[in-house]
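Peer 1: Using only what follows, build the 3D model:
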Amino acid sequence: MSSIIIPEGYQSLLGLYDTQKAIGLIKTIFQEKLCMALHLKRVTAPLFVMQGSGLNDDLNGVERPVAFDVPSLNEQAEVVHSLAKWKRYALHKYGFRPGQGIVTDMNAIRRDEELDNLHSIYVDQWDWERVITADQRTLDFLRETVRDIVDAVCATSDELRWKFPELKNIHLGRDVAFITTQELEDLYPELTAKQRENAFANEHGTVCIMQIGGKLRSGKPHDGRAPDYDDWALNCDILFWHKPLGCALELSSMGIRVDAESLRRQLDEAGCPERAELPFHKMLLDGTLPLTMGGGIGQSRLCMLLLGKAHVGEVQVSLWDDATVKACRNAGVELL
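Peer 2: Modelled structure (predicted):
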């Protein structure tokens, strides 16, 4: 059963035909701007990986991948959750140098996702990764990259509003408000993590919340992060205030990836040091894999943001329970 909110008086700014046309434009325009800003080359990527390879991502550490047997290989495979680890391996395999990177379309099934206006079991995002140097493993470099991504989002919005005058009142803030999860907890100690995000995004519009995964002074992490891809001291989420729903919309989760030292520390903190014996992790610990940063940028989320949509089902085809379908139909919200 999904949880759905129909904003009072909500009406889509574009009809179905123009919505589909706009989705295509967004995906073309934004990818071009992202590649230019971060010096990325588009590559193809896997939909599934071998179980036990260590290449799949555990996201918040509890999601179950969709697994299936491959009789001709006598092996088990699983659908990717994201491509954070695969991308790092690919940069090594392809011989990319510092300042160069890759971007790909990532499609996944997240079976344990709790469905609502922003969440679906189908995930579509741009997954990007680029090689960095040791002296770029800083919060300053993280902030610089976040600003580049936000500039690409806003430039895409500008072009879209020129092509579709109906979107003229959708304005995104280019100025990013940066805050760490500990600073956020100190600012709103009485609120939950999600409530803090909403309060801060409501005040500032475009925000970047940094250092996600480790425990705060309250003894709890702001949010869960798998211990073996982001460095918890050097990662972040990018959020925009989304007026149709009156909430923060997380567009991207990204970060500077673990090096050997932070990987061992985070595996110990998460209580899973045995992962260090997996093939991917061994390559990281012995220095075979390059230092990288990267992230995912939600394609459907970006379309929702730039088109002023109230439900992710308006910009992607997925599965919804009967109550959601009925509620949307009664409110005139057209699911694809």
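Peer 1: now the strands for the stretch 1-150 of the chain?
Peer 2: Secondary structure of the stretch 1-150 of the chain by DSSP state E, counting those that start in this stretch: the strands cover 40-42, 48-50, 67-70, 75-79, 101-109, 122-131.
Peer 1: winner for burial among those?
Peer 2: Sort these by mean neighbour count, taking mean count of other Cβ atoms under 10 Å, and strand 122-131 sits at the top with a mean of 23. Every C-beta, even on glycine, is put in place using the N, C-alpha and C of the backbone.
Peer 1: Next, the angle strand 101-109 makes with that strand.
Peer 2: Relative orientation of strand 122-131 and strand 101-109, computed by axes from the mean of the first three to the mean of the last three Cα atoms, to 10 degrees: 160 degrees.
Peer 1: Which neighbouring elements make contact with strand 122-131?
Peer 2: helix 16-38, helix 84-94, strand 101-109, strand 292-298, helix 299-307 (3 or more Cβ pairs under 8 Å, 6 or more residues apart in numbering; DSSP states H and E).
Peer 1: from the middle of its chain, how far away would it be?
Peer 2: 7 Å (Cα atoms, centre = their mean, to the nearest Å).
Peer 1: Offset the numbering so it begins at 48, please.
Peer 2: Taking 48 as the first residue, the last one we looked at is strand 169-178.
Peer 1: Run through the stretch 98-247 of the chain and note the low-pLDDT ranges.
Peer 2: The stretch 98-247 of the chain contains residues with pLDDT under 70 at 100-102, 104-110.
Peer 1: Without its sequence neighbours, what residue ends up closest to residue 137?
Peer 2: Nearest non-adjacent residue to residue 137, counting by Cβ to Cβ, 6 or more residues apart in numbering: residue 149, 6.2 Å away.
Peer 1: residue contacts, that neighbour?
Peer 2: The contact partners of residue 149, taken as Cβ atoms under 8 Å, 6 or more residues apart in numbering, are 87-90, 134, 137-138, 141, 143, 175-177.
Peer 1: now these in CSV, with distance to residue 346?
Peer 2: Converted to CSV, the contacts of residue 149 look like this (distance: Cβ to Cβ, whole Å):
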residue, distance to residue 346
87, 15
88, 18
89, 14
90, 17
134, 16
137, 20
138, 22
141, 23
143, 23
175, 12
176, 17
177, 19
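Peer 1: ok, of the residues you listed, which one's closest to residue 53?
Peer 2: Closest approach between the contacts of residue 149 and residue 53, by Cβ to Cβ: residue 175, at 33.9 Å.
Peer 1: If the closest one is in a bridge, with which residues?
Peer 2: When bridges are called by DSSP bridges, residue 175 pairs up with residue 150, residue 342.
Peer 1: how about it, what does it touch?
Peer 2: Taking Cβ under 8 Å, 6+ apart, we find residue 175 in contact with 81, 85, 87, 134, 148-151, 341-344.
Peer 1: so the residue nearest to residue 340 when sequence neighbours are not counted is in which element?
Peer 2: Taking Cβ to Cβ, 6+ apart, and ignoring the residues beside it in sequence, residue 340 has residue 303 as its nearest neighbour in space, at 4.4 Å. Per DSSP states H and E: residue 303 is located in strand 294-304.
Peer 1: Go ahead and confirm the residue nearest to residue 340 touches residue 282.
Peer 2: Yes. Using Cβ atoms under 8 Å, residue 303 is in contact with residue 282, at 6.8 Å.
Peer 1: who touches both of those two?
Peer 2: residue 189.
Peer 1: where along the stretch 98-247 of the chain do the helices fall?
Peer 2: 131-141, 186-210, 228-234, 240-251 (DSSP state H, counting those that start in this stretch).
Peer 1: contacting residues around the third one?
Peer 2: Going back to what we said before, that points to helix 228-234. Contacts to helix 228-234, defined as Cβ under 8 Å, 6+ apart, come from residues 226, 240, 243-244, 247, 256-259, 263-265, 268-270.
Peer 1: same check, this time on the first one
Peer 2: With contact meaning Cβ under 8 Å, 6+ apart, helix 131-141 is reached by 90, 92-93, 96, 101-104, 127, 147-149, 151, 174-178, 275-277, 304, 327, 330-331, 335-337, 339, 341, 343.
Peer 1: Now do that helix against strand 339-345, angle only.
Peer 2: Computed by the same axes, to 10 degrees, the angle between helix 131-141 and strand 339-345 is 130 degrees.
Peer 1: So for helix 131-141, what gets flagged as buried?
Peer 2: Buried residues in helix 131-141, defined by neighbour count with 16 or more other Cβ atoms under 10 Å: 131-139.
Peer 1: give the contact list for the residue lying closest to residue 224 once chain neighbours are set aside.
Peer 2: Of all residues not flanking residue 224 in the chain, residue 251 sits nearest, at 3.7 Å (Cβ to Cβ, 6+ apart). When contacts are counted by Cβ under 8 Å, 6+ apart, residue 251 touches 220, 224, 288.
Peer 1: Same check on residue 253?
Peer 2: Neighbouring residues of residue 253 by Cβ under 8 Å, 6+ apart: 197, 219-224, 285-288.
Peer 1: Equivalent analysis for residue 197, please.
Peer 2: Residue 197 sits next to 221, 223, 253, 285 when contact means Cβ under 8 Å, 6+ apart.
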